[in-house]
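Participant: After the sequence you'll find the predicted model.
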2 protein chains.
Amino acid sequence: MTDTGSLNLQWSQAMIAGFVAAGITDAVISPGSRSTPLALAMLRQPRLRCHVAIDERSAAFFGLGIAKAQRRPALLLATSGTAPANWLPAIIEASHSGVPLIAISADRPPELQACGANQTVNQSAMFAPHMRASHALGAPHPGFDPGYLHRLAAQIHEQASWPYPGPVHINQPFREPLLPVAPAVGDDIPARLQAAHARPQPDAQQIAELAKHLSGRPGVMVCGEMPANPGQNAALAELASRLACPILAEPLSGLRFGPHDRSHVCVGYNRWLDAGAAHAFLKPEWILRFGAFPATRNLQNYVSGNAAMHIVVDPWPRWIDPSRQITHLLRADPTAFCQDLLRKKLEPAADGWLAAFSAQEKRAMQDREPDHIAAVLDALPAETALFIGNSLAIRQLDSLSGHADKTLHLYANRGASGIDGNISTAAGIASAKGRTVALIGDLTCQHDIGGLALTRGLDIVIVTVNNGGGGIFDYLPQHSLPEFIKGWRTPQEVDFEHAALAFGLSYQCAQSTSGLHSALGHALSSGGAHLIELKQL
Amino acid sequence: MTDTGSLNLQWSQAMIAGFVAAGITDAVISPGSRSTPLALAMLRQPRLRCHVAIDERSAAFFGLGIAKAQRRPALLLATSGTAPANWLPAIIEASHSGVPLIAISADRPPELQACGANQTVNQSAMFAPHMRASHALGAPHPGFDPGYLHRLAAQIHEQASWPYPGPVHINQPFREPLLPVAPAVGDDIPARLQAAHARPQPDAQQIAELAKHLSGRPGVMVCGEMPANPGQNAALAELASRLACPILAEPLSGLRFGPHDRSHVCVGYNRWLDAGAAHAFLKPEWILRFGAFPATRNLQNYVSGNAAMHIVVDPWPRWIDPSRQITHLLRADPTAFCQDLLRKKLEPAADGWLAAFSAQEKRAMQDREPDHIAAVLDALPAETALFIGNSLAIRQLDSLSGHADKTLHLYANRGASGIDGNISTAAGIASAKGRTVALIGDLTCQHDIGGLALTRGLDIVIVTVNNGGGGIFDYLPQHSLPEFIKGWRTPQEVDFEHAALAFGLSYQCAQSTSGLHSALGHALSSGGAHLIELKQL
């Protein structure tokens, strides 16, 4: 009979081989004892890049960043106890932003549950409400079939990827001894299970009807955060062109930066949509939405204003309608939807419609003063990944980014919009895609300060805008309370220079937008990990 | 009709007044918008100390530390989204270590759930498996009875406190506007509901039978982590004296430091119990256990060795028996149990029994070299709180602390034994009890590095033993793997001097035990927040 340690390792090797066969390339390991068989199987798998991260919360956001950039699942591994509990924020973010993650927690076997054994807590249901699937596995047992683990890995890979990418949890108990005396890991990778997932195609009947409704009538396209896909920007732009309608495009739609036709793209709406007048005379007969619900109040309010038709095109089984306006819900791939619609007869809206939007945009752009958003965007070489922090950073980018021919890859954690784990997520993106700039606020930086440990060896610049606490609260009614500074603004007292040096990042302080521009240019040209603090105090 | 903002505030004020009436004194607030009515009700409640912490994970461990030191619930408050998810590690620790915590998450109302609204996730079941109780409240509604919230607060206070202290979750939705135009908070505190919880008294019949079984026979008392209670040490010591048996007392039992009779207390068992010989000739006929299961393998193995009788005395509804040895389970208060037993006729064991243990103890103590544990303990003034980190730190303390007349208050997070949140927990203890020293490892320090932000203004010294990563793994079989350094030992590269300065702590480096002793003495006498790095590289 095979000894327990060998069973643990063979079982782990089979599972990891299954994941590698399914196409997984990256694992984020947080050190621990009970997880040893899986950790060793990962570390000895030459086709897996293993990242080691002490803090499981950072580890999970780092894995989220990798998966976000790669658009395929990354693996997380942690030992038993509170270790996997630290994953929860990143798991919720993955669930809400459609990012595939496979989280494997090691555990004590059933006979050590609920009897006061060390580091033993109820892990099997730890994340259940947020998971695409949860697997409470048994401990490795004599005579197990490695094919079971190969197939399970393929199945879990699919659950994390389709139809709605998101997190999957595996709870894996191990008995002692955890390893055999002379651990040897096999290198057999099973054949890849060929799985094909067709893009959801729109219904032909619906397309024909929609074409009739949209054609020749004043309408707007609104694009929130959506994953980039080949041909998507071109298809959206062409549809806007044929219908002579504007595209109100948020930064995370991917429509602001790239060589596609941007002549119909509106990016300054936060500067003119707040005028009640604009709402009144820019009243569309239809609104065609793609991606997440808008992040800024002005655009939210505009979208929530009445339009006779409110069409949402979304391939994922989620319900993006907080204002309860949807009249048509199309479960379809955006590109396929546009392409199908473009095959129909479409007339442009009347001349004045698009021109009214263009005039507003032009006026908004003329008013512009130099700002730190422009400084950052200008300094970025093409193809750079730009991660935007939540709270004020994403809203300022939305208002101020403009648009450009240069391709940039924009990312943010907008699933649950937390200020947690932002540095770690950016580091994960840098690990997967190379050169990355993160633009975040000072509280966001403090929240994930330990995430700086994961920037070592990466090409990454963290730009921290230090405006003395939660700048977004200045825009909320709490602003007028006497308790405002203590309870909401909360200026923090972290010395970011020392924080950077603690984790081996070089540090620069910028006091102006031009200073920021040159500091960022310098950091990007020298490579490595940098923290730039922009003082706006 | 009262406007929504006023309803929100009146509702929040009633709830917080109820908690204050129940005896709660401390709240840890993490800034956010949706939580505004409760935050303002807390901040304007003069009988509540409010602590503001940006990072909800740190905030929760800080609250855990306060509740651990005060032995009454602390309040946590966070806004919606991933913010409360960061509480999960501390909540699990509270659940497993019997620490009362009341965690209040603000939420969007039901009509904004599951429709893509910002920062909206499924919060109502977020922590369910780990909670003593979960309350998914409705949004404040016109005509509500403040007495409902007063009673609910009293009930939740009890759920968090009795019969088994632990975490309770309140999910509280609010509609907008969150506040009235001119927010005014009432100051009426309801009358305290008088609740009395008798200590569980042992069954008289069982006591009589046990007295017969224990009397005159060789046995051992084993005390794991247990909450301090007046008279407890004296009662345990007197029982040991009457039965002429040793007490194998872990540091967190509270039996090692204080002016009680320590003549039967054994503290060096990790140094002599590993000898198989000791097991053989120190074979008890009964084992009488109090508190948590032992942390060290030697004591675990000894306790798991067969004894005819294995008695566990535990007032809490938990099951502390990983080795499945219990023959008698007494749901009783330890002090009451000892006092009842002491009223019976008890004969001492034969002369040689206790003497054999004492001889082993004496020999173990003679072997001792000066070490950093002794240096720390010696430098502490009486009544200091000492927080011990998990992993290697707690085990070294267990092996090396000795015992002394000086009263020290020892704490650790041994519910789930995580290395997360240890600095924040120590800071919470310092906030509640004053001068606190934390003794932790380098990975533990890195894991909760952001927790240093919470030490500002406290009398606290963090002693970080930097032995180049996870020293505990040196004692495990993984040690011999070629991947050992990368995957388990993981020497970290944090510069702790810069980390201390980033958060406003003074920093000292010690290279020897004598250096540590003088650095700690200096830090304690000067007051404030300090980080001392003991380099053992």
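Facilitator: Thanks, I have it.

Participant: Now do A:Asp340 against B:Ala106, distance only.
Facilitator: Distance, A:Asp340 to B:Ala106, using CB to CB, to the nearest Å: 43 Å. All C-beta spots, glycine's among them, are computed from the backbone N, C-alpha and C.

Participant: before we move on, what about A:Ile326?
Facilitator: Distance of A:Ile326 to B:Ala106, computed by CB to CB: 27 Å.

Participant: what about the two, which has more around it?
Facilitator: Higher neighbour count among A:Ile326 and B:Ala106: B:Ala106, with 29 against 17, using other CB atoms under 10 Å in any protein chain shown.

Participant: what sits against the residue nearest the centre of chain A?
Facilitator: The residue lying closest to the centre of chain A (CA atoms, centre = their mean) is A:Asn413, at 4.6 Å. Neighbouring residues of A:Asn413 by CB atoms under 8 Å, 6 or more residues apart in numbering or on different chains: A:Phe61, A:Leu64, A:Glu93, A:Ser97, A:Asn390, A:Gly421, A:Asn422, A:Thr425.

Participant: again, 6 Å this time
Facilitator: Contacts for A:Asn413 (CB atoms under 6 Å, 6 or more residues apart in numbering or on different chains) come out as A:Glu93, A:Thr425.

Participant: What is the three-state secondary structure of A:Pro200?
Facilitator: coil (DSSP: H, G, I helix; E, B strand; the rest coil).

Participant: So A:Ile429 versus A:Gly166, what's the distance?
Facilitator: Using CB to CB, one gets 18 Å for the distance from A:Ile429 to A:Gly166.

Participant: These two: who's more crowded?
Facilitator: Using other CB under 10 Å as the criterion, A:Ile429 and A:Gly166 rank with A:Ile429 on top: 28 against 24.

Participant: anything in the host helix or strand of that one near chain B?
Facilitator: Taking DSSP states H and E as the criterion, the element that holds A:Ile429 is helix A:422-433. No: residues of helix A:422-433 contacting chain B under CB under 6 Å from any CB of the partner chain: none, with a closest distance of 10.9 Å.

Participant: Can I get that helix in PDB, CA atoms only?
Facilitator: Extracted in PDB, the C-alpha atoms of helix A:422-433 (Å, rounded to 0.1, in the frame of the first residue of the first chain):
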ATOM      1  CA  ASN A 422      -5.000  47.800  -5.300                       C
ATOM      2  CA  ILE A 423      -1.200  47.800  -5.200                       C
ATOM      3  CA  SER A 424      -1.200  44.000  -5.200                       C
ATOM      4  CA  THR A 425      -3.500  43.800  -8.200                       C
ATOM      5  CA  ALA A 426      -1.300  46.200 -10.100                       C
ATOM      6  CA  ALA A 427       1.700  44.100  -9.200                       C
ATOM      7  CA  GLY A 428       0.000  41.000 -10.600                       C
ATOM      8  CA  ILE A 429      -0.800  42.800 -13.800                       C
ATOM      9  CA  ALA A 430       2.900  43.900 -14.000                       C
ATOM     10  CA  SER A 431       3.900  40.300 -13.500                       C
ATOM     11  CA  ALA A 432       1.800  39.100 -16.300                       C
ATOM     12  CA  LYS A 433       2.100  42.000 -18.800                       C
END
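
Participant: List the contacts of it.
Facilitator: A:58, A:61-62, A:64-66, A:69-70, A:385, A:387, A:389, A:411, A:413, A:436, A:438, A:440, A:444, A:448, A:451, A:454-455, A:458, A:460.

Participant: which of those count as buried?
Facilitator: A:58, A:61-62, A:64-66, A:69-70, A:385, A:387, A:389, A:411, A:413, A:436, A:438, A:440, A:444, A:448, A:451, A:454-455, A:458, A:460 (16 or more other CB atoms under 10 Å in any protein chain shown).

Participant: Distance of the residue nearest to the centre of chain A relative to B:Leu481?
Facilitator: The value you get for A:Asn413 to B:Leu481, if CB to CB is used, is 35 Å.

Participant: contacting residues around the helix or strand that contains A:Leu377?
Facilitator: Assigned by DSSP H and E, A:Leu377 belongs to helix A:372-379. Under the contact criterion CB under 6 Å, 6+ apart, helix A:372-379 has outside partners A:Gln396, A:Leu397, A:Leu400, A:Ser401, A:Leu439, A:Thr513, A:Leu516, A:His517, A:Leu520, A:Gly521, A:Leu534.

Participant: So which elements touch the lengthiest helix in chain A?
Facilitator: The residue-count maximum for a helix in chain A (DSSP state H) belongs to helix A:4-21. Judged by 3 or more CB pairs under 6 Å, 6 or more residues apart in numbering or on different chains; DSSP states H and E, helix A:4-21 is in contact with helix A:36-43, helix A:146-161.

Participant: quick one, which of those is nearest to A:Gln508?
Facilitator: When the helices and strands packed on helix A:4-21 are compared by CB to CB, helix A:36-43 sits nearest A:Gln508, at 36.1 Å.

Participant: Tally up the residues packed near the residue of the stretch 251-400 of chain A found nearest chain B, please.
Facilitator: Chain B sits closest to A:Ile320 of the stretch 251-400 of chain A, with a gap of 3.5 Å, by CB to the nearest CB. Neighbours of A:Ile320 under the rule other CB under 10 Å: 18.

Participant: ok, now which ones touch it?
Facilitator: Taking CB under 6 Å, 6+ apart, we find A:Ile320 in contact with A:Phe293, B:Gly116.

Participant: Which strand or helix spans it?
Facilitator: Assigned by DSSP H and E, A:Ile320 belongs to no helix or strand.

Participant: helix, strand or coil for A:Tyr105?
Facilitator: Residue A:105: Ser, not Tyr. Following three-state DSSP, the label given to A:Ser105 is strand.

Participant: measure it to A:Glu158 for me?
Facilitator: In this view, A:Ser105 and A:Glu158 are 20 Å apart by CB to CB.

Participant: between these two, which one's more packed in?
Facilitator: A:Ser105 (28 against 19).

Participant: With adjacent residues omitted, what lies nearest to the more buried one?
Facilitator: A:Pro84 (3.9 Å; CB to CB, 6 or more residues apart in numbering or on different chains).

Participant: repeat for A:His141
Facilitator: Excluding the flanking residues, the one nearest A:His141 by CB to CB, 6+ apart is A:Leu7, at 7.1 Å.

Participant: okay but that neighbour is in contact with A:Pro140, surely?
Facilitator: Yes: under the criterion of CB atoms under 6 Å, A:Leu7 makes contact with A:Pro140 at 4.2 Å.

Participant: Which one of these two is surrounded by more residues?
Facilitator: In terms of neighbours (other CB under 10 Å), A:Pro140 is the more surrounded of A:Leu7 and A:Pro140; the figures are 25 against 21.

Participant: host element of A:Met365?
Facilitator: A:Met365 is located in helix A:351-366, with elements delineated by DSSP H and E.

Participant: domain assignment for chain A?
Facilitator: Domain assignment of chain A by automatic domain parsing yields the ranges A:4-173, A:204-366, A:372-535.

Participant: Mean pLDDT and distance to A:His197 added to those domains, as CSV?
Facilitator: Putting the domains of chain A into CSV (pLDDT from 0 to 100; distance: least, CB to CB, whole Å) gives the following:
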stretch, mean pLDDT, distance to A:His197
domain A:4-173, 96, 5
domain A:204-366, 93, 10
domain A:372-535, 96, 21
